[in-house]
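Student: okay, structure incoming, though there's no sequence with it:
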């Protein structure tokens, strides 16, 4: 077992135990059982103190399946720790080895998460199901694949687990091997070993999940360059599209993996590829504030003023989601700060809707008019009323915006706030003597 796996296991258990003041039990209906007794069985199990555990169970064996506030039974803790003597003792006193915790994991899930073959074998030999599903619909073989435990994958398959089993999002073990596990750092060679073995079992490298995403999509999300390289070297398609025509380069841009963007381009991808609404990778990078990815894409030929099918440019998305460094980079490198979408809304409208006061100040400093109108006559103050930010309305009011500004059809900010149910804004506008439209009188 690697040190990071052990650390993650201990932290998970310790967190669950720390809130044990509200301990309860699924299988106990005896009000005479003291909370301290229930608490101690979990603590003693965690400590691996078999002598004290046996004394507790001899005194009251009904608490063998007691739950702490994280819905962990002692058997969950023992399985995660791999203390087989403790597991054996708990089983002798009636522990439910197929019980699920708060996230739907059975003891065999927890043993698999740790990579403990001995604990897994013991559990199966004593009646544990091979393929129970947690709340994500994942079986132990999914966990083993994500962590690179090939021996465990092979063992589980031999006991009936399916290497083509899908979780609730349609991901198979191959997808999870490509993605890896988020707690700690899984070494690339472990994930590659999982994928190699699955490939040998005739699992295709292009298998799709529910969203139509292939393993290469999942690997670009994780940002592990050796994994992406391995997949590309084994005929993974760098231009693979999911159900929304999203390609791996879009995902790499979304998560800011500049090295993977370059790798994908070197293997045939392009910076101008569009998804189902016309967004290019640079839109994804701007929306998520990935300045390094924006710079890499621009160096590779991306147009920083490119608009999608709605007329939305990277500057609009950076403004909407408050990414000031991305805004500054785009402005410095020639982005059109007055770019208009299909409704003639500018970045200042998007920032107002998103509640981004710092971006509004930046745009005003760049010379943007805080009272500029779009095609329907809406000003940023209308966008702020729609977005629900009193802070933005106050800012715009101080910078000359008209709180009673009418749109082309005479819609005022207070009308929008009422329609959207933003009554805090309505109250503030009334305090500022905003006029109520005739329809509301």
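Tutor: Received, thanks. The model shown is predicted, which means the values in this text are computed figures rather than measured ones.
Student: ok, residue 381 to residue 371 distance?
Tutor: Distance from residue 381 to residue 371, counting by C-beta to C-beta, to the nearest Å: 8 Å. Yep, even glycine has a C-beta here, placed from its N, CA and C like the rest.
Student: who has more neighbours out of the two?
Tutor: Neighbour tally, residue 381 and residue 371, criterion other C-beta atoms under 10 Å: the higher count belongs to residue 381, 27 against 15.
Student: quick one on the thing from earlier: which neighbours do residue 381 and residue 371 have in common?
Tutor: 401-402, 405 (C-beta atoms under 8 Å, 6 or more residues apart in numbering).
Student: now these: which count as buried?
Tutor: 401, 405 (16 or more other C-beta atoms under 10 Å).
Student: could I get the shared contacts of residue 381 and residue 371 as CSV with pLDDT and distance to residue 256?
Tutor: Shown next, in CSV, are these (pLDDT from 0 to 100; distance: C-beta to C-beta, whole Å):
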residue, pLDDT, distance to residue 256
401, 96, 34
402, 95, 40
405, 95, 38
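Student: which members of the shared contacts of residue 381 and residue 371 are positioned in strands?
Tutor: When the shared contacts of residue 381 and residue 371 are checked against strands (DSSP state E), there are no matches.
Student: point out where the stretch 151-300 of the chain drops to low pLDDT.
Tutor: By pLDDT under 70, the low-scoring segments of the stretch 151-300 of the chain are 182-186.
Student: I'd guessed residue 176 sits against residue 146; true?
Tutor: Yes. Residue 176 is in contact with residue 146 according to C-beta atoms under 8 Å; the separation is 4.0 Å.
Student: what segments of the protein are strands?
Tutor: All strands of the chain, identified by DSSP E, fall at 24-25, 66-67.
Student: between those strands, which gets the lowest average pLDDT?
Tutor: Per-stretch mean pLDDT for the strands of the chain is lowest at strand 24-25 (a mean of 38).
Student: what's the end-to-end length of stretch 392-403?
Tutor: 12 Å (C-alpha to C-alpha, to the nearest Å).
Student: in that stretch, what's buried?
Tutor: 392-393, 395-397, 401, 403.
Student: how far off centre is it?
Tutor: Chain-centre distance of stretch 392-403: 36 Å, with C-alpha atoms, centre = their mean, to the nearest Å.
Student: low-confidence ranges, the stretch 301-441 of the chain, go.
Tutor: 437-441.
Student: run the last query once more with 90
Tutor: Residue ranges of the stretch 301-441 of the chain with pLDDT under 90: 433-441.
Student: now the helices for it?
Tutor: Taking DSSP state H, counting those that start in this stretch, the helices of the stretch 301-441 of the chain run over residues 314-320, 324-332, 347-354, 357-365, 380-387, 390-398, 413-420, 423-431.
Student: which positions within stretch 260-275 qualify as buried?
Tutor: Buried residues in stretch 260-275, defined by neighbour count with 16+ other C-beta under 10 Å: 260-265, 267, 269-271, 273-275.
Student: contacts for that stretch, please.
Tutor: 220, 223, 225, 228-229, 232, 238-239, 244-250, 252-253, 280-282, 293, 296-297, 300-303, 306, 308.
Student: list the contacts for residue 102?
Tutor: Counting by C-beta under 8 Å, 6+ apart, residue 102 has contacts 70-72.
Student: and the shared contacts of residue 381 and residue 371 as JSON lines, adding distance to residue 125?
Tutor: JSON lines is the format used below for these (distance: C-beta to C-beta, whole Å):
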{"residue": "401", "distance to residue 125": "72"}
{"residue": "402", "distance to residue 125": "76"}
{"residue": "405", "distance to residue 125": "74"}
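Student: show the pLDDT at residue 12.
Tutor: The predicted local confidence for residue 12 is 49.
Student: going forward, begin numbering at 33 instead of 1
Tutor: Happy to do that; since the first residue is 33 now, the last one works out to residue 44.
Student: number of nearby residues for the residue lying closest to residue 222 once chain neighbours are set aside?
Tutor: Nearest in space to residue 222, with sequence neighbours left out and distances taken as C-beta to C-beta, 6 or more residues apart in numbering, is residue 180 at 2.5 Å. Using other C-beta under 10 Å, the number of residues around residue 180 comes to 23.
Student: check contacts around residue 180.
Tutor: Residues near residue 180 by C-beta under 8 Å, 6+ apart: 209, 218-219, 221-226.
Student: make sure residue 149 is actually in contact with residue 186.
Tutor: No. Because the distance of 10.3 Å does not satisfy C-beta under 8 Å, residue 149 is recorded as not touching residue 186.
Student: overlap in contacts of the two?
Tutor: By C-beta under 8 Å, 6+ apart, no residue touches both residue 149 and residue 186.
Student: give me the phi and psi for the residue nearest to residue 332 when sequence neighbours are not counted.
Tutor: Leaving aside its sequence neighbours, residue 332 sits nearest to residue 303 (C-beta to C-beta, 6+ apart; 5.0 Å). For residue 303, the backbone dihedrals (degrees, to the nearest 10) come out as phi -80, psi -10.
Student: from what I can see residue 424 touches residue 390, true?
Tutor: No. Applying C-beta under 8 Å as the test, residue 424 and residue 390 come out as separate, 10.7 Å apart.
Student: kindly reformat the helices of the stretch 333-473 of the chain as JSON lines containing distance to residue 121.
Tutor: Output for those, formatted as JSON lines (distance: least, C-beta to C-beta, whole Å):
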{"stretch": "helix 346-352", "distance to residue 121": "58"}
{"stretch": "helix 356-364", "distance to residue 121": "57"}
{"stretch": "helix 379-386", "distance to residue 121": "57"}
{"stretch": "helix 389-397", "distance to residue 121": "59"}
{"stretch": "helix 412-419", "distance to residue 121": "59"}
{"stretch": "helix 422-430", "distance to residue 121": "59"}
{"stretch": "helix 445-452", "distance to residue 121": "60"}
{"stretch": "helix 455-463", "distance to residue 121": "58"}
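Student: those helices: which one's closest to residue 171?
Tutor: Among the helices of the stretch 333-473 of the chain, helix 346-352 comes nearest to residue 171, with 37.9 Å by C-beta to C-beta.
Student: what packs against that closest one?
Tutor: In terms of contacts (3 or more C-beta pairs under 8 Å, 6 or more residues apart in numbering; DSSP states H and E), helix 346-352 is packed against helix 313-319, helix 356-364, helix 379-386, helix 389-397.
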